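Undergrad: Structural data only, the sequence is not supplied:
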């Protein structure tokens with residue numbers, strides 16, 4: 001996940017990117033992460049707000065819809 005100015009701007013999970021990658025990451029039950037600053041960001045692939053991403057991810061998980 002890439003965050004810029006408090007907004008999620010890009011997500012990557014295997015071959016998935018953008019919103020679909022974010023929703024896939026929401027389904028993970030365990031894993032490891034680290035945080036680091038970056039001065040160069042990838043081209044934004046997400047334009048939705050964090051709240052919209054979380055709400056849609058929860059809806060997809062609740063309805064057991066594959067991403």
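TA: Alright, I've got the coordinates. Bear in mind that the values here come from a model prediction, so they are computed numbers and not experimental data. Numbers count the residues shown, from 1 in each chain.
Undergrad: Check the protein and tell me which residue is nearest its centre.
TA: Central residue of the chain (C-alpha atoms, centre = their mean): residue 22, 2.5 Å from the mean position.
Undergrad: quick one: low-confidence parts of this protein?
TA: Across the chain, nothing is flagged by pLDDT under 70.
Undergrad: Where is the longest helix in it?
TA: As assigned by DSSP state H, the longest helix anywhere in the chain is helix 50-62.
Undergrad: Tell me the helices and strands packed up against it.
TA: If contacts are counted by 3 or more C-beta pairs under 8 Å, 6 or more residues apart in numbering; DSSP states H and E, helix 50-62 sits against strand 7-10, helix 19-27. Any C-beta I mention is one placed from the backbone N, CA and C, and that applies to glycine too.
Undergrad: tell me which residues in that helix are buried?
TA: 53, 56, 57, 60 (16 or more other C-beta atoms under 10 Å).
Undergrad: Quick check: the last one vs residue 20, distance?
TA: Residue 60 sits 10 Å away from residue 20, taking C-beta to C-beta, to the nearest Å as the criterion.
Undergrad: quick one: the residue lying closest to residue 44 once chain neighbours are set aside and residue 22, what's the gap?
TA: Excluding its sequence neighbours, the residue lying closest to residue 44 (C-beta to C-beta, 6 or more residues apart in numbering) is residue 9, at 4.3 Å. Per C-beta to C-beta, residue 9 is found 11 Å from residue 22.
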